[in-house]
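Student: what's the 3D shape of this:
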Amino acid sequence: MLKAFKFHVECVQTDNGQEFTKRLGSSQKPTPTLFEARLKQYGIRHKLIKPYTPRHNGKVERSHRKDNEYFYATHSFYSFDDLKKQLAVHSRKYNNFPMRPLNWSSPAEFVKAFLTTGEVF
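Tutor: All right, here's what the predicted structure looks like:
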């Protein structure tokens, strides 16, 4: 994933899910997850949201809901390869669709402009 980004990742924010961290609910010093070890390997800071506050992860939660509404709940997949092909088409459409929060730019246009000028809006 880091190879796909055209900019340096300094920090990743996640919830306290066990796939990301073992820090919650342990009285002993937890061992790092594979995710945390990789972040450390690449010098990326890991920021955790406050436990039991999904509203702090609202953009991700909204994104998951929209992905389900517009893609997973409305498509059938016959194999993993079929899922990958359909997801690629969906992602291409989504990333090239103008959006109001981006001042009617598409996500692809927004990122391209940011990488070119270093500015947003």
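Student: drop to CA atoms for contacts and neighbour counts, all remaining ones
Tutor: Noted.
Student: continuing past the longest helix seen in the chain, what's the next helix or strand?
Tutor: Ranked by residue count and defined by DSSP state H, the top helix of the chain is helix 80-95. Moving toward the C-terminus from helix 80-95, the first helix or strand encountered (DSSP states H and E) is helix 107-117.
Student: name the helices or strands packed onto that next one?
Tutor: If you count contacts as 3 or more C-alpha pairs under 8 Å, 6 or more residues apart in numbering; DSSP states H and E, helix 107-117 packs onto helix 80-95.
Student: centre of the chain to the helix it packs on, how far?
Tutor: 16 Å (C-alpha atoms, centre = their mean, to the nearest Å).
Student: helix or strand: which one has K47?
Tutor: strand 45-48.
Student: identify the residues contacting the helix or strand following that strand?
Tutor: From strand 45-48 onward toward the C-terminus, using DSSP H and E, the following helix or strand is helix 58-70. Among residues not part of helix 58-70, those counted as contacts by C-alpha atoms under 8 Å, 6 or more residues apart in numbering are P54.
Student: and helix 58-70, how far from the chain's centre?
Tutor: Here helix 58-70 is found 11 Å from its chain centre; the criterion is C-alpha atoms, centre = their mean.
Student: could you check the angle it makes with helix 80-95?
Tutor: In this structure, helix 58-70 runs at an angle of 120 degrees to helix 80-95, with axes from the mean of the first three to the mean of the last three C-alpha atoms, to 10 degrees as the basis.
Student: mind listing what's buried in helix 58-70?
Tutor: By neighbour count, and taking 16 or more other C-alpha atoms under 10 Å as the criterion, helix 58-70 has no buried residues at all.
Student: sounds good, over and out.
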